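*Asks:* Give me the fold of what follows.
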Amino acid sequence: MTSLKDIKLFTTQTHACSYLPGEEARTLFIDPEYQVSTEFHTHLSEIGFRRSGAHMYRPHCSNCQHCVACRVVVDNFQPNKRFRRILRRNEDLSIETVDAIDTDEYYKIYANYINNRHKDGDMYPATRDQFESFLVQNCDSTLFYRVSVGGKLIAVMIADLLSNGLSAVYTYYEIEEQKRSLGNFAILWQIEEARRRGLPYVYLGYWIRDCEKMNYKLQYRPIELLLNQRWIRLT
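*Replies:* Alright, predicted model coming up:
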């Protein structure tokens, strides 16, 4: 199998951390020209990498190890009472796989979502170029899920299909539908989709202990955290 020793690696300049005030961050990423197979993509996910557009990356900070890769253990996951309510609340939704999300219909919801829900983030304000480089540009294993009610688009889920799971890349939705808890629903649905496909994990990106907006990830137990290059299970 291809390893990191076989390809070019790059690091960014030090920059302000997007998650922890006062901290500085650096990112390691592989050569964006390298064609990543599903097998290698899976391996990269197992050692803590994520995908954003054409880039496969992981944190590479000198004095901080707060970003911890995490993944839900699908076979052992059972939704609690709150999650069951969310699933019932969204039983009227239709979900289908689409080939692409590069139209105005998909972008308008994205722009509204970023500009209203993430004004404190580095993706604000939303632009079409940003949308296309972040989400429209995909890899061979990317799945686009269209979520609608009565034919109206209300949410989009983007996931990468790995050999051992789904990697939840991003979800965005109509902010007027916030009572549906669509962010939680998207994770619950992807867990069930992974179960349907016989896949053991759903990768949720990074958990950061001191970042309140990341704490929701630990609700999906059992979950595994990548600590000291080993996956440690929390039940």
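*Asks:* Outside of stretch 135-146 itself, list whatever touches it.
*Replies:* Residues external to stretch 135-146 that are found in contact with it (C-beta atoms under 8 Å, 6 or more residues apart in numbering): 36, 38, 41, 51, 53-54, 95-102, 110, 153, 156-162, 166, 169-170. For glycine as for every other residue, the C-beta is placed from the backbone atoms N, C-alpha and C.
*Asks:* what residue ranges in the chain score low on pLDDT?
*Replies:* For the chain, the stretches flagged by pLDDT under 70 are 1.
*Asks:* out of the contacts of stretch 135-146, which are inside helices?
*Replies:* Thr38, His41, Tyr110 (DSSP state H).
*Asks:* Lys119: how many residues sit nearby?
*Replies:* Counted by other C-beta atoms under 10 Å, the residues lying close to Lys119 total 10.
*Asks:* That one: which element?
*Replies:* Using DSSP states H and E, Lys119 sits in no helix or strand.
*Asks:* which residues touch the one residue sitting closest to the centre of the chain?
*Replies:* Centroid-nearest residue in the chain, with C-alpha atoms, centre = their mean: Val169, separated by 2.9 Å. Contacts for Val169 were tallied using C-beta under 8 Å, 6+ apart; they are Arg51, Ser52, Leu135, Thr142, Ile158, Ala159, Asp160.
*Asks:* Could you export those as a markdown table, including neighbour count and distance to Leu4?
*Replies:* Converted to a markdown table, the contacts of Val169 look like this (neighbours: other C-beta atoms under 10 Å; distance: C-beta to C-beta, whole Å):
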| residue | neighbour count | distance to Leu4 |
| --- | --- | --- |
| Arg51 | 23 | 15 |
| Ser52 | 16 | 18 |
| Leu135 | 22 | 26 |
| Thr142 | 17 | 22 |
| Ile158 | 21 | 25 |
| Ala159 | 24 | 24 |
| Asp160 | 23 | 19 |
